[in-house]
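# sequence below, structure please.
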Amino acid sequence: MRAVIQRVKWGRVRVDGEITGEIGSGLVILLGVSVDDNEENARYLADKCINLRIFNDSEGKMNLSLLDVGGGILSISQFTLYGDTRKGRRPSFVGAAGPEKGQELYEKFNQYLSDLGFTPKTGIFGAMMDVELLNDGPVTIIVDSK
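Numbering: from 1, shown residues only. Reported below is the predicted structural model:
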């Protein structure tokens, strides 16, 4: 699994013009699932996301995690994170999990976040979504489960 984690002042996602998820300060997580992923990858990434020390402490150093500061999580499924652009000009998505597996592991990831005390706001799996955010910093981190 691959997560693009953005520290934000706010974030929201719309599907067909309707807001399906919205947070104040916290993390926007774009999550991609690969053909090789399993539940253990989902559990690992959920734990990593909430424990990643990317929030500023009182001295302005990135020393605090989401657990330390509170805040929300906006979790968005994004199979394009497994787009392979090494050949040609059109990305290949053969490394991305199919819709059934992708949705299952995306939902497991969100369940693990809930089990850890954070109820993520979400878009709708497989839908065309408009994602808006105000990146704080900017801070953007990419984490792979493998």
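# CA atoms for contacts and neighbours, from now on please.
Fine.
# at the geometric centre of this protein, which residue sits there?
I29 (2.0 Å; Cα atoms, centre = their mean).
# ok, that residue - contacts?
By Cα atoms under 8 Å, 6 or more residues apart in numbering, the residues touching I29 are A3, V4, I5, Q6, I73, L74, S75, I76.
# turn those residues into JSON lines, columns for secondary structure.
Formatted as JSON lines, these follow (DSSP: H, G, I helix; E, B strand; the rest coil):
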{"residue": "A3", "secondary structure": "strand"}
{"residue": "V4", "secondary structure": "strand"}
{"residue": "I5", "secondary structure": "strand"}
{"residue": "Q6", "secondary structure": "strand"}
{"residue": "I73", "secondary structure": "strand"}
{"residue": "L74", "secondary structure": "strand"}
{"residue": "S75", "secondary structure": "strand"}
{"residue": "I76", "secondary structure": "strand"}
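# just read off the phi/psi values of the residue of the chain most remote from its centre.
Residue farthest from the centre of the chain, counting by Cα atoms, centre = their mean, is G88 at 27.7 Å. Note on G88: backbone dihedrals following degrees, to the nearest 10 are phi 70, psi -160.
# TSV for the contacts of I29, including distance to G102 and neighbour count?
Converted to TSV, the contacts of I29 look like this (distance: Cα to Cα, whole Å; neighbours: other Cα atoms under 10 Å):
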residue	distance to G102	neighbour count
A3	13	25
V4	16	19
I5	18	22
Q6	21	25
I73	19	31
L74	17	28
S75	14	28
I76	12	27
